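Participant: Requesting a structural model of the entry that follows:
(one chain, ligands or ions: 1)
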Amino acid sequence: MDARDKRGHDVERLALRHYSGFMNSRAIAKAKRREVGSEEAARPVLLLAWYDRHRRRLPWRPLPGERADPYAVWLSEIMLQQTGVKTVGPYFLKFLARWPDVDALGRASLDDVLRMWAGLGYYSRARNLHACAVAVRRDHGGAFPDTEEALRALPGIGPYTASAIAAIAFGRRTMPVDGNIERVVSRLFAVEEPLPQAKPLIQTLAATLLGAGDAKSRAGDEESRAGDSAQALMDLGSSICTPKKPACALCPLNDDCAARRRGDQETFPHKAPKKSGALRRGAAFVVTRGDQLLVRTRSEKGLLGGMTEVPGSDWLAEQQDKAALAQAPALKGVARWHRKAGIVTHVFTHFPLELVVYTAKVAARAAAPKGMRWVPIATLKDEALPNVMRKAIAHGLGE
Ligand code: SF4
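Facilitator: Model (predicted):
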């Protein structure tokens, strides 16, 4: 039998890790239910008991009993917004080594932050990260505010992130609801309404899973476990209540799960059909001068703002090759562009993109057109190049 499931989890190890605690967990569950008298009241208690035994070790997560660092919580939450835990880990450590606190990050240049962020995608997050660090330094004396309301007023911090920081770093009684939590809650309560309409209902139901603690308490004062409740649900969603084949036998809430009783767990959360954006097309121009490449910086506003790119055409749904080629940079000595075979494809959140790549070589003294510059190909890794540009350059420079 293959010991790995489709998502690459080592099933045997996962089962072994949980088995030893499993029988005890069932005993704990029974005892807790007897103690608190109802399923509803038992859920948060069971969840926290499970978390205390099975919590994931993550670079930004303090050890049990330690206080969470708001800077680490914020940095990880911003990075995790559209990126998985595995990819974020090394970036998080790199940022922390270079800028150990929010004050240091607030003093860094945006260029340096974008460079360090390159490869992580969704670059507006990096610009907001920098703007937020500057604001915390300037307006809050270098310490994050500890309420959801004040956190939401900072650049790049939306309702979810404000709730996550408030709960995890400051023990505020609030439940941040991410995709993992949406899945667990929609299954636990068999929420029939599809997403995104079901979000307010899921938010309300998720809040019933918060552990004990005073509304204003902060870890260290009157102990609040709101952050642990949130992280318990996140962990449960990522390791047990997975999108496919949830391991219900290992779940601390399995006796009380509506979807499990019905046997249709995998159908939750229900989703309204997605409308995907229309395909856009464009051209990228890969121009070399010896061992240098012609690049420019995108404008600060909009998609990939402030990032480095090779010159290119607009990206339009109805883009014709001829119109795209007409937007090639004016360079002395380039009479004809060489069209590389094949196309470069990339999928942004709102639309897929196809790029045709044209190449040209210019003489050693050729000047860069206005707003562009030559950079050594050997140091391209230091440029804030988004993935789509890395693909276009690799395609253009390839044999
Ligand atoms: S019993 Fe299964 S479906 Fe229900 S919450 Fe637990 S893992 Fe998810």
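Participant: Around the ligand, which positions in the stretch 101-250 of the chain sit nearby?
Facilitator: 184, 187, 188, 240, 241, 246, 248 (Cβ under 6 Å from any ligand atom). Backbone N, C-alpha and C define where each C-beta goes, glycine included.
Participant: Burial check on the first one, number of neighbours?
Facilitator: When you say that, I think you mean residue 184. Using other Cβ atoms under 10 Å, residue 184 has 30 neighbouring residues.
Participant: repeat for the one 10 residues further on
Facilitator: Using other Cβ under 10 Å, residue 194 has 13 other residues around it.
Participant: Ok, residue 95 next?
Facilitator: By other Cβ under 10 Å, neighbour count at residue 95 equals 25.
Participant: And for residue 160?
Facilitator: With other Cβ under 10 Å as criterion, residue 160 counts 15.
Participant: now swap in residue 82 and tell me
Facilitator: For residue 82, the number of neighbouring residues by other Cβ under 10 Å comes to 11.
Participant: Begin at 782 from now on, thanks
Facilitator: Okay, using 782 as the starting number, the last item reads as residue 863.
Participant: Secondary structure element for it, which one?
Facilitator: Residue 863 belongs to no helix or strand when elements are defined using DSSP states H and E.
Participant: For it, which non-adjacent residue is closest in space?
Facilitator: Using Cβ to Cβ, 6 or more residues apart in numbering and skipping residues adjacent in sequence, the residue nearest residue 863 is residue 903, 4.8 Å away.
Participant: phi, psi of the one you found?
Facilitator: phi 40, psi 70 (degrees, to the nearest 10).
Participant: ok, it - contacts?
Facilitator: By Cβ atoms under 8 Å, 6 or more residues apart in numbering, the contact list for residue 903 reads 862, 863, 864, 1130.
Participant: Now the buried members of those.
Facilitator: Among the contacts of residue 903, those buried by neighbour count (16 or more other Cβ atoms under 10 Å) are residue 862.
Participant: Find the pair from the contacts of residue 903 with maximum spatial separation.
Facilitator: 864 and 1130 (12.3 Å; Cβ to Cβ).
Participant: If I look at the nearest residue to residue 977 once chain neighbours are set aside, what pLDDT would I see?
Facilitator: The shortest distance from residue 977 to any non-neighbouring residue, by Cβ to Cβ, 6+ apart, is to residue 1053 (7.0 Å). pLDDT recorded at residue 1053 is 84.
Participant: What values do phi and psi take at residue 1053?
Facilitator: With angles defined as degrees, to the nearest 10, residue 1053 sits at phi -70, psi 150.
Participant: Wait, it touches residue 974, no?
Facilitator: No - Residue 1053 is beyond contact range of residue 974, at 9.6 Å (criterion: Cβ atoms under 8 Å).
Participant: And these two? Which one has more around it.
Facilitator: residue 974 (15 against 11).
Participant: Make sure the more buried one is actually in contact with residue 1051.
Facilitator: Yes - look at residue 974 against residue 1051 with Cβ under 8 Å: they come within range, at 7.0 Å.
Participant: Chain neighbours aside, what residue packs nearest to residue 1131?
Facilitator: Closest to residue 1131 by Cβ to Cβ, 6+ apart is residue 1058, at 4.4 Å.
Participant: Please work out how many residues are found near that neighbour.
Facilitator: Neighbours of residue 1058 using other Cβ under 10 Å come to 13.
Participant: and if you look at residue 1069?
Facilitator: So residue 1069, with other Cβ under 10 Å, has 16 neighbours.
Participant: now residue 868: how far from residue 984?
Facilitator: The gap separating residue 868 from residue 984 is 27 Å, by Cβ to Cβ, to the nearest Å.
Participant: And residue 1084, by the same measure?
Facilitator: Counting by Cβ to Cβ, the gap from residue 1084 to residue 984 is 29 Å.
Participant: cool, residue 876 as well?
Facilitator: Separation of residue 876 from residue 984 (Cβ to Cβ): 30 Å.
Participant: go on, residue 1065?
Facilitator: Between residue 1065 and residue 984 the distance, using Cβ to Cβ, works out to 42 Å.
Participant: can you check residue 924 too?
Facilitator: 28 Å.
Participant: what does residue 1054 give?
Facilitator: From residue 1054 to residue 984 the distance is 22 Å (Cβ to Cβ).
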